[in-house]
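Participant: structure of the sequence below:
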Amino acid sequence: MRLSGAMQSSTLPAEILTLILDLLVTICTESTGFVHSISLRFALVSESRLRFNTNLRLLTAAGGWRDPNGALLNGVMAVLIISYTSPSLIVFDDSTLTSNDSSTISVAVAGFPILLLGVALLLQTVIALSGLRAVKVLTWSSSPFDLTAALVHYMQLTPVPFQCMRGLSKRGAGPTKPSKSQPSAYAAHSSIEKVVMSLWSLVLACAVWGLIATFVMNGIYGTSSSSPEYKWTLFPADGNPGIYLLAYQTPDIQWWIAVIVFLAVIQGPMTFGLHCAELVANVIQNESQWRCATGRKGLHTATNPLKTSLASPLGLVLLVLKPVLHWMFSLAFAAHGSGAGATLQRVGLNMNYSQIWNLCFALGIFASFFGASAVRRPRGPQPATYGHLQTLANLVDEWSPVMWWGHKQDGPSCHAGTSDHSLPDVKMDCVYAGSGVGSP
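Facilitator: Sure, this is the predicted structure:
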């Protein structure tokens, strides 16, 4: 279908509509993802397998294939990445030959990708809600402090004594002195290292893709003076060469399915990489919240999930870049139609040289930003937790809506902990173990 009155001389309207669609898909998938992560979290609690407040929900499953939070439906949820593939095929530019032999560009809308997108979003919602009905939710809060307090209250988690100065990477027994800085998320959380490596693997794969496209285009167009001139552009331009593939006259459902599967296979690694990047953003956000306990205003345990995401630099960057990177992929691998009058006669995929390198450059900046955030070491003696629930339970000895962490008790082995009022700084030259140390 062609949008009436949308005759243009550029592809910009179709690209803007695709970006809007990517943004709407991101909002829908993030909403269902929040519900899915809550249900998976308490499914893991019921199996005594929950270790961190944040988990990779598409790569973590509860036991049992028939469980709504099990591996089978988690796999189905992962396959539904086609919800990110569809927007680039729903709206595309259509070159139309008019009666005076001139060419104009209109906006075409394809019906089958819209239907597939709706089905994918519906299935994601059904899986998230079915998983929710199968578990007992102790708290809807995304805060690691609310979750830890709930698990301790319901005796799902037991604090270990004499751990008041031992963070995630210093777990063990016996007194220890405070450290001036804490290990980075990259060093303390084993999954963070894998996520950062996967992000750089995406950059490498995109660079290889760009080199292959360059090699193929040089083979097609040659390098003579008469070959098309390569120019950098943000949007696909008529003057820039591209590779036209999978073109089909009057495309049917079989063609649409083949193209969607083809794009999903190529776009899938990037979608999973962005999903894994959520772990970095959430783990560092959890640690940032915990370190507020030594600040002037203290740590507010109850937080609004939306407000927390928008207040987190990494979370905000991820929320913005998810639709933008998927949109940039659609520019690199864009659908293009052609026809005469009101009839769409041919549709194909156009691999655009400049846009592939734009995507590679954007992914490189994204991986650098998240990698630098992951290796940054928190300053100060407050032990790092990175949302590790057992470590939080060990460090928090008094729960209150607003908490401060600091020095609480002198002795042969001092004690540090939390309180509902501001506490003095810990003593860097003292040994800390916990209250009750040395008592009979």
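
Participant: from here on, just use CA atoms for contacts and neighbour counts.
Facilitator: Fine.

Participant: tell me what the helix or strand containing Y84 is packed against?
Facilitator: Taking DSSP states H and E as the criterion, Y84 maps to helix 82-85. Secondary-structure packing of helix 82-85 (3 or more Cα pairs under 8 Å, 6 or more residues apart in numbering; DSSP states H and E): helix 12-46, helix 111-133, helix 253-290.

Participant: make JSON lines out of the ones you listed and add distance to F361, mean neighbour count and mean pLDDT.
Facilitator: Converted to JSON lines, these look like this (distance: least, Cα to Cα, whole Å; neighbours: other Cα atoms under 10 Å; pLDDT from 0 to 100):
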{"stretch": "helix 12-46", "distance to F361": "19", "mean neighbour count": "20", "mean pLDDT": "89"}
{"stretch": "helix 111-133", "distance to F361": "28", "mean neighbour count": "18", "mean pLDDT": "91"}
{"stretch": "helix 253-290", "distance to F361": "14", "mean neighbour count": "19", "mean pLDDT": "90"}
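
Participant: closest to A393 out of those helices?
Facilitator: Nearest to A393 among these is helix 253-290 (12.2 Å), distances taken as Cα to Cα.

Participant: does anything pack onto the closest one? Which helices or strands?
Facilitator: Checking 3+ Cα pairs under 8 Å, 6+ apart, helix 253-290 ends up next to helix 82-85, helix 111-133, helix 190-221, helix 313-332, helix 353-375.

Participant: right, and the helix or strand after the first one?
Facilitator: Proceeding N to C from helix 82-85, the next assigned helix or strand is helix 87-90, under DSSP H and E.

Participant: work out the gap between that next one and the centre of the chain.
Facilitator: Computed by Cα atoms, centre = their mean, to the nearest Å, the separation of helix 87-90 from the middle of its chain amounts to 21 Å.

Participant: with just CA atoms, put that helix into CSV.
Facilitator: Provided in CSV are the C-alpha atoms of helix 87-90 (Å, rounded to 0.1, in the frame of the first residue of the first chain):
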residue,chain,number,x,y,z
PRO,A,87,9.7,-1.9,11.4
SER,A,88,12.3,-1.7,8.7
LEU,A,89,10.0,-3.6,6.4
ILE,A,90,6.7,-2.0,7.4
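
Participant: helices and strands around that helix, which ones?
Facilitator: Helix 87-90 packs on helix 12-46, helix 111-133, strand 333-340, going by 3+ Cα pairs under 8 Å, 6+ apart.

Participant: any chance of these in TSV, plus distance to G380?
Facilitator: Below are these laid out as TSV (distance: least, Cα to Cα, whole Å):
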stretch	distance to G380
helix 12-46	30
helix 111-133	39
strand 333-340	47
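
Participant: among those, which comes closest to N282?
Facilitator: The nearest among the helices and strands packed on helix 87-90, by Cα to Cα, is helix 12-46 at 12.2 Å.

Participant: tell me which helix or strand comes right after the closest one.
Facilitator: By DSSP H and E, the next helix or strand past helix 12-46 is helix 71-79.

Participant: list the buried residues for that next one?
Facilitator: A71, L72, L73, N74, M77, A78 (16 or more other Cα atoms under 10 Å).

Participant: one more: stretch 348-367?
Facilitator: 348-360, 362-364, 366-367.

Participant: again with stretch 185-199
Facilitator: Residues of stretch 185-199 classed as buried by neighbour count (16+ other Cα under 10 Å): A185, Y186, A187, A188, H189, S191, I192, E193, V195, V196, S198, L199.

Participant: so what's the residue count around the spatially closest residue to N304 that is not a sequence neighbour?
Facilitator: Using Cα to Cα, 6 or more residues apart in numbering and skipping the chain neighbours, the partner closest in space to N304 is S141 (7.5 Å). Other residues lying near S141 total 16 when counted by other Cα atoms under 10 Å.

Participant: dump the residue contacts of S141.
Facilitator: Listed by Cα atoms under 8 Å, 6 or more residues apart in numbering, the contact set of S141 reads L147, A302, T303, N304, P305.

Participant: quick check: the second one vs P383, distance?
Facilitator: Yep, that's A302 we're talking about. 21 Å (Cα to Cα, to the nearest Å).

Participant: settle it for me: which of these two has more neighbours?
Facilitator: Using other Cα under 10 Å, the more surrounded residue of A302 and P383 is P383, with 27 against 16.

Participant: ok so that one is a helix residue?
Facilitator: No: applying DSSP: H, G, I helix; E, B strand; the rest coil, one finds P383 to be coil, outside a helix.

Participant: for it, which residues are in contact?
Facilitator: Here P383 is in contact with M165, R166, G167, L168, Q182 (criterion: Cα under 8 Å, 6+ apart).

Participant: so which of those wins on neighbours?
Facilitator: That'd be M165 among the contacts of P383, by other Cα under 10 Å, with 28 neighbours.

Participant: distance of that one relative to T85?
Facilitator: From M165 to T85 the distance is 48 Å (Cα to Cα).

Participant: any weak-confidence spans in the stretch 51-200 of the chain?
Facilitator: Filtered on pLDDT under 70, the stretch 51-200 of the chain yields the residue ranges 94-105, 171-173.

Participant: for the stretch 251-400 of the chain, same thing?
Facilitator: Checking the stretch 251-400 of the chain against pLDDT under 70 turns up 251, 336-345.

Participant: got the buried residues of helix 71-79 as TSV, with distance to V324 columns?
Facilitator: Output for the buried residues of helix 71-79, formatted as TSV (distance: Cα to Cα, whole Å):
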residue	distance to V324
A71	30
L72	30
L73	28
N74	25
M77	22
A78	20
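
Participant: of all these, which comes closest to W290?
Facilitator: Minimum distance to W290 across the buried residues of helix 71-79 is 30.4 Å, recorded for N74 (Cα to Cα).

Participant: which residues sit in contact with the nearest residue to the closest one once chain neighbours are set aside?
Facilitator: Nearest residue to N74, sequence neighbours excluded (Cα to Cα, 6+ apart): L58, at 5.8 Å. By Cα under 8 Å, 6+ apart, L58 lies in contact with N74, G75, M77, A78.

Participant: redo that, cut-off 10 Å
Facilitator: The contact partners of L58, taken as Cα atoms under 10 Å, 6 or more residues apart in numbering, are 33, 36-37, 40, 69, 71, 73-79, 272, 275-276.

Participant: buried residues, stretch 293-301. List them.
Facilitator: For stretch 293-301, by 16+ other Cα under 10 Å, it's A293, T294, G298, L299, H300, T301.

Participant: repeat that for stretch 309-325.
Facilitator: Quick answer for stretch 309-325 (16+ other Cα under 10 Å): S309, S312, L314, G315, V317, L318, L319, L321, K322, P323, V324, L325.
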